[in-house]
Structure formats: structure tokens, C-alpha cells
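Novice: can't give you the sequence, but here's the structure:
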């Protein structure tokens, strides 16, 4: 019996190294993408479409300019009228101060005039307040001018004025320095009601009494004397409601 042998052949596998090709760098500079910077806002103002103003309003490039008595973006609303609580009404008072008139008072822009008016206004308002004039609001000087001739002070100034007038008439004494005539408004804030007329008349009487009392004033008086009875006149209402 013969024995047969078989031969198995093995194939030996070997790993060969992989050859890598070198990377060739280009000598040309890289291509850069264009840069886009931040967008600057336009300095031109935006164009506004004109508004369609109503009731006679006009477009001024921004909004509607409305006629008096109207408001709203398109002048579409009517302003509501509000009844004022008070209204101004004046009493016109003129006094002649026994103080030599300064020619520099002719220039109403001068410091002499302004100082005189400021002092007079302060003193008269203080005096009227002390007399408790109802509804008093303010005192405003209207005019400063040359007044009557100066007279000497007296304990009885009314009698002095009378005698001075008689002397001037009989002996024709040439006039000397003149006093200062000051016309001023006493402005009242009259309540706006059905009794407004009566309230004003009562206030006028109070002002008349206070003005006449300047001739023989003994308490809380201005620092000047007057040469004659003041004149007091009523004025029409100021419907400006200031």
C-alpha cells in the first residue's frame, strides 16, 4: 500500500510601502475674495410723503400747520373752548408826586426812568395790598410826565394845595420846578360770573378811597407825597383772559 503525500503551497504576502507623491506649492499668491465693508447710512434725509392736511391746514415738510382753533396730525380736531375762571380789568389812576421831575425820565430806556418806575410800582402795590384791595393782581405804570408845580409839605396838605392855587391866581407867581405825574393801571382779576360787573364797581370804589387817602396818609404809606387828589377812571374789560 502506497502512501501518497500532498503538498500545500502557501503564498507569502508582503506589505510593500506606499510611495507618496510630494505636494508642489504654487508660486502664485493666493486669490483673495473681495472684502465688503459695513454699509454707511445715507446722510440724505428721508423723503416724506406730504400729508393731506384738512380744514385749511398746510403741510410744512414735517407735519401740518393748523389754523387757529384746530389741532391734530391732519388738523382734523377742533379745540375745545375752556371758560376762564377770571378775566383782567383795569382801573386807571393818575397821581402827581411832590418830587422834582428829572428830565432823564423822558428817556424810557434810561436807568433813571427804570429805577423810578420800579420803585413806584413796588410802593404802590404794597400800599394797595395794605389797603386790602379785592382781586388785586398787579400795578403797571403807563406814563411818567411833568406834573403840577412843586409845593411845600404841610400837616394839612389839602389846605396847602388850596392856598397855593389861590396864590398863583392872585399874584401870578412864575412857575417853579414841576412834580412827577404818574399814570398807572391797577389790574384786577375779576371772577368770571354773573356778578362780575358789580364786583368791578365795588373794587373801583375801594381803589378810589385808597388813592384819595394818599393826601393824608399816616400808616403804611409810600415814601412820597402827592400834590393833588388823584384821578381814577374805569376801563373796559380785557377779553384776552391773561
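Specialist: Noted; the coordinates are in hand. Keep in mind the model is a prediction, meaning the values are calculated, not measured.
Novice: so who does residue 177 touch?
Specialist: 100, 101, 149, 150 (C-beta atoms under 8 Å, 6 or more residues apart in numbering). To be clear about C-beta, it is placed using only N, CA and C from the backbone, and glycine gets the same treatment.
Novice: among these, the buried ones, what's the PyMOL command?
Specialist: Applying 16 or more other C-beta atoms under 10 Å to those, the buried members can be selected in PyMOL as follows:
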select buried, resi 101+149+150
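Novice: from the contacts of residue 177, which land in strands?
Specialist: residue 149 (DSSP state E).
Novice: for the contacts of residue 177, which one is nearest residue 83?
Specialist: residue 101 (45.6 Å; C-beta to C-beta).
Novice: so the closest one makes contact with residue 147?
Specialist: Yes: judged on C-beta atoms under 8 Å, residue 101 makes contact with residue 147 at a distance of 6.9 Å.
Novice: any idea how far the nearest residue to residue 235 once chain neighbours are set aside is from residue 210?
Specialist: Closest residue in space to residue 235, ignoring its immediate chain neighbours: residue 90 at 4.3 Å, by C-beta to C-beta, 6 or more residues apart in numbering. Separation of residue 90 from residue 210 (C-beta to C-beta, to the nearest Å): 15 Å.
Novice: ditto for residue 116
Specialist: 21 Å.
Novice: equivalent analysis for residue 61, please.
Specialist: 56 Å.
Novice: neighbour count for those two, which is higher?
Specialist: Each of residue 61 and residue 210 has its neighbours counted (other C-beta atoms under 10 Å); residue 210 has more, 21 against 9.
Novice: quick one on the thing from earlier: joint contacts of residue 101 and residue 147?
Specialist: Contacts common to residue 101 and residue 147, judged by C-beta under 8 Å, 6+ apart, are 178, 179, 180.
Novice: and the second one, how many residues sit next to it?
Specialist: Neighbour count for residue 179, taken as other C-beta under 10 Å: 23.
Novice: what about it, helix or strand, and which?
Specialist: strand 178-191 (DSSP states H and E).
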